[in-house]
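Trainee: can't give you the sequence, but here's the structure:
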């Protein structure tokens with residue numbers, strides 16, 4: 001994935017901070033969607049690292065932890081040669097598919113943002 005291009009589409013930290021909660025939620029959802037789109041453009045399913053980080057990001061969005069979700073989503077983009085024990089992150093039979101993650105994103109997108 002082109003990490004720089006994906007990250008370049010993100011708003012600045014100041015813009016993110018200034019956004020209302022529903023805006024932060026939308027930013028993170030769009031970020032996840034962009035990552036899933038990049039996987040699709042590469043014609044591949046996520047490896048275990050990517051799938052677990054995207055799934056965790058979706059959970060963080062559900063509880064309204066948008067800053068943490070952004071950080072977790074960014075970790076998804078870590079190149080395989082920069083991950084600890086890269087051989088353990090290969091895709092397995094129990095690794096979430098891109099379709100399952102996209103379905104999760106659609107469900108999360110339907111949940112209203114939390115008002116803190």
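Mentor: Okay, I see it. These numbers were taken from a predicted model, which means no experiment stands behind them. Numbering: from 1, shown residues only.

Trainee: average pLDDT across the strand or helix carrying residue 24?
Mentor: Element membership of residue 24, judged by DSSP states H and E, is helix 21-42. Average pLDDT, helix 21-42: 97.

Trainee: swap in stretch 106-114?
Mentor: Mean predicted lDDT for stretch 106-114 stands at 96.

Trainee: still on that earlier bit, what are the contacting residues of the helix or strand following the helix holding residue 24?
Mentor: Beyond helix 21-42 on the C-terminal side, the first helix or strand identified by DSSP H and E is helix 48-62. By CB atoms under 8 Å, 6 or more residues apart in numbering, the residues outside helix 48-62 that reach it are 25, 28-29, 32, 35-36, 39, 46, 66, 68-69, 72-73, 75-76, 78, 80, 83, 88-92, 95-97, 101, 104-105, 108, 111. Every C-beta, even on glycine, is put in place using the N, C-alpha and C of the backbone.

Trainee: for the helix holding residue 24, packing partners?
Mentor: In terms of contacts (3 or more CB pairs under 8 Å, 6 or more residues apart in numbering; DSSP states H and E), helix 21-42 is packed against helix 3-8, helix 48-62, helix 66-76, helix 98-109.

Trainee: what do you get if the cut-off is 10 Å, keeping everything else the same?
Mentor: If contacts are counted by 3 or more CB pairs under 10 Å, 6 or more residues apart in numbering; DSSP states H and E, helix 21-42 sits against helix 3-8, helix 13-18, helix 48-62, helix 66-76, helix 98-109.

Trainee: just the buried subset of the contacts of helix 48-62, please.
Mentor: Those of the contacts of helix 48-62 that meet the buried threshold are 25, 28-29, 32, 35-36, 39, 46, 66, 68-69, 72-73, 75-76, 78, 89, 91, 95-96, 101, 104-105, 108, by 16 or more other CB atoms under 10 Å.

Trainee: and stretch 46-55, how far from the chain's centre?
Mentor: Its chain's C-alpha centre and that of stretch 46-55 lie 9 Å apart, by CA atoms, centre = their mean, to the nearest Å.
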